[in-house]
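In: Sequence and computational prediction follow.
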Amino acid sequence: MNDIQWRDFDTDVDMILEHVSAGTVLRKLESMTRLIYAVGKERFGLRTSSGKKAAGSKKNRRQLEIERLRRDLRNLRKQYVKASELEKIGLQGLRDHLRSRRKELRKAERIRKARREKTRKRARFLSNPYGFVKETLEQKRTGQLSCSREEVEEHLRNTHSDQSRQVEMEGHERIADVPMPEVAFIEGEPTLKEVQDILKKTRSKSAPGPNGIPYKVYK
């Protein structure tokens, strides 16, 4: 990465950590490493050295134990065919035990993968909310709308409009009166420092506002 990419990456990761970090110091350190890796992987990808396996291809202890249990169950089935009636009773008990253990490990592995995927998606959303939502919701749609535009507008009008919104409601004893403001609202133009503070928290790739001027111009 060059200096600009590193600075943007450092700023985005710092902003993400401020929003999601909570709990003890150890938990913050663990979440920090996962988020840094997830954001870096999403933004820059992975680079593998020649002759070496890619990072993440190494199986963990739980996955290795699941494979070992699968092999043991396969061998157990072969022994069951050749065993006597008395031996089959013991083999059935051993088989039930191995199956129960494999079920527990598979459940724990699914939870781990779901938690890891959730962390990765949260990091992607915080680093680029618009792109993540667009990728998630912008899916191919099938079918054809059979009603007219007037019918759609009438349905939206009846569903989302409030015909009584202009009617003043009576007060309620459980609703406290709102006190009048003691400080006058500042109607002057924003100061240079206020503009600078806002620009420090924005990203250059953010969508422009109503004036159509992106943050990159101000920066």
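Out: Ah, there it is.

In: residue ranges of the helices in this protein, please?
Out: Along the chain, the segments classed as helices by DSSP state H run 3-20, 25-44, 61-82, 85-127, 129-137, 149-160, 192-200, 215-218.

In: could you give the angle of the fifth one to helix 85-127?
Out: Between helix 129-137 and helix 85-127, the angle comes out at 140 degrees (axes from the mean of the first three to the mean of the last three Cα atoms, to 10 degrees).

In: right, so of the helices of the chain, which gets closest to residue 175?
Out: With Cβ to Cβ, the closest approach to residue 175 among the helices of the chain belongs to helix 149-160: 25.1 Å. Bear in mind the C-beta positions are built from the backbone N, C-alpha and C, glycine included.

In: Return the set of buried residues in the closest one.
Out: Along helix 149-160, no position meets the burial threshold by neighbour count (16 or more other Cβ atoms under 10 Å).

In: Export the helices of the chain as JSON lines, with columns for mean pLDDT and distance to residue 182.
Out: Written out in JSON lines, the entries for the helices of the chain read as follows (pLDDT from 0 to 100; distance: least, Cβ to Cβ, whole Å):
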{"stretch": "helix 3-20", "mean pLDDT": "76", "distance to residue 182": "31"}
{"stretch": "helix 25-44", "mean pLDDT": "76", "distance to residue 182": "39"}
{"stretch": "helix 61-82", "mean pLDDT": "87", "distance to residue 182": "60"}
{"stretch": "helix 85-127", "mean pLDDT": "88", "distance to residue 182": "37"}
{"stretch": "helix 129-137", "mean pLDDT": "84", "distance to residue 182": "36"}
{"stretch": "helix 149-160", "mean pLDDT": "88", "distance to residue 182": "37"}
{"stretch": "helix 192-200", "mean pLDDT": "90", "distance to residue 182": "22"}
{"stretch": "helix 215-218", "mean pLDDT": "86", "distance to residue 182": "34"}
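
In: Can I get those helices in JSON lines including distance to residue 183?
Out: Formatted as JSON lines, the helices of the chain follow (distance: least, Cβ to Cβ, whole Å):
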{"stretch": "helix 3-20", "distance to residue 183": "28"}
{"stretch": "helix 25-44", "distance to residue 183": "37"}
{"stretch": "helix 61-82", "distance to residue 183": "59"}
{"stretch": "helix 85-127", "distance to residue 183": "34"}
{"stretch": "helix 129-137", "distance to residue 183": "33"}
{"stretch": "helix 149-160", "distance to residue 183": "36"}
{"stretch": "helix 192-200", "distance to residue 183": "17"}
{"stretch": "helix 215-218", "distance to residue 183": "29"}
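
In: Those helices: which one's closest to residue 186?
Out: For the helices of the chain, proximity to residue 186 was assessed by Cβ to Cβ; helix 192-200 is nearest, at 10.1 Å.

In: which helices and strands sit right next to that closest one?
Out: Applying 3 or more Cβ pairs under 8 Å, 6 or more residues apart in numbering; DSSP states H and E, one finds that helix 192-200 contacts helix 215-218.

In: Who are the packing partners of the helix it packs on?
Out: helix 192-200.
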